[in-house]
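Undergrad: what follows is a predicted structure for the sequence shown.
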Amino acid sequence: MKRKTGRPDLKEKKPAFVVSSLILKGGAGKTFTVYMLVEYIKEKLHQRFSQTAKRLDKVLVCDMDSQISLIGNFEGFTPDRRTNFYLDEKHLGEKIKVKHKAPTENEFESYDLIIIDNPPEYQVVLDNEEMIVATDLFIVPVNQVNALDRVEDTIFTIREKEEKYKKEKPAEIVLLFIDTMYVHTEVNHGIIRVLKGIAKRNREVNYWGNIPHSKKVSYAQINRV
């Protein structure tokens, strides 16, 4: 069953809500954004009375980046300088699963939430019709000034492919500044201003906020989960 609108035609069960982290540039914080999002969800799932725990029963994380820096626990994995942090199912709990492959049709139907870390390569993203059509929310992260010029390229590519693949409802796109580089305060404010401006110029695009540099960010960059 091919997904035409981002959701399969299922009457009994609502399909997964799909979140994709995507920017057409490497090293902009895309993988780290997924890492922080999954860590946040993990904490909420452990809180018995949280809304997240009540609403999510099965979460799937897919690392589609060839650098495999998000998940390092599959067969044949050897830690190296690229894998400063990675998600380990042993520490994520029973509700969160990780894989280094695209979601299957069955997984689209059986999971509540699917989070995809996409590669920065243009052609890989452009050829991935399933990902473009299935995604409900795109997170476009930025962690430094030289990533700003790829933000609108990324938005344009998403909208172009949604139209090409005849997606009925465009996905929401949110822009996020995640300070993994510990940038100067004035630079920090400048990046935020630019992202807010981009959000105003583009339909269905919102500025989501910023994650300041913190001890937790530093810890995740130099230690494995």
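TA: Nice, thanks for sending it over.

Undergrad: what about this protein, any weak spots by pLDDT?
TA: Along the chain, the parts satisfying pLDDT under 70 run over 1-14, 67-69, 71-86, 88-89, 181-182, 213-225.

Undergrad: can you give me the helices in it?
TA: Under the criterion DSSP state H, the chain carries helices at the ranges 30-45, 51-55, 89-92, 105-110, 122-126, 129-134, 151-164, 185-201, 215-222.

Undergrad: which of those sits closest to Ser20?
TA: Smallest distance to Ser20 across the helices of the chain (CB to CB): 6.2 Å, for helix 129-134. Bear in mind the C-beta positions are built from the backbone N, C-alpha and C, glycine included.

Undergrad: quick one: buried residues of that closest one?
TA: Within helix 129-134, the residues scored as buried using 16 or more other CB atoms under 10 Å are Glu130, Met131, Ile132, Val133, Ala134.

Undergrad: roughly how far does the first one sit from Tyr35?
TA: Looking back up the chat, that one is Glu130. Distance, Glu130 to Tyr35, by CB to CB, to the nearest Å: 23 Å.

Undergrad: likewise for the fourth one?
TA: Applying CB to CB, the value for Val133 to Tyr35 is 25 Å.

Undergrad: ditto for the last one
TA: As judged by CB to CB, Ala134 and Tyr35 stand 21 Å apart.

Undergrad: one more: the second one?
TA: Taking CB to CB as the measure, Met131 falls 19 Å from Tyr35.

Undergrad: next one: the third one
TA: Taken as CB to CB, the spacing of Ile132 relative to Tyr35 amounts to 23 Å.

Undergrad: with Asn106 instead?
TA: 26 Å.

Undergrad: same question, Ile155
TA: Per CB to CB, Ile155 is found 23 Å from Tyr35.

Undergrad: same check on Phe177?
TA: According to CB to CB, Phe177 stands 16 Å off from Tyr35.

Undergrad: do the same with Ala171
TA: Ala171 sits 21 Å away from Tyr35, going by CB to CB.

Undergrad: quick check: closest non-adjacent residue to Lys25.
TA: Arg150 (4.2 Å; CB to CB, 6 or more residues apart in numbering).

Undergrad: residue nearest the centroid of this structure?
TA: The chain has Ser21 as the residue nearest its centroid, 2.6 Å off, counting by CA atoms, centre = their mean.

Undergrad: so that one touches Pro141, yeah?
TA: Yes: counting by CB atoms under 8 Å, Ser21 touches Pro141, with 6.4 Å between them.

Undergrad: so what sits against both of these two?
TA: Common neighbours of Ser21 and Pro141 (criterion: CB atoms under 8 Å, 6 or more residues apart in numbering): Lys30, Thr33.

Undergrad: and the end-to-end length of stretch 40-59?
TA: Start and end residues of stretch 40-59 are separated by 13 Å (CA to CA, to the nearest Å).
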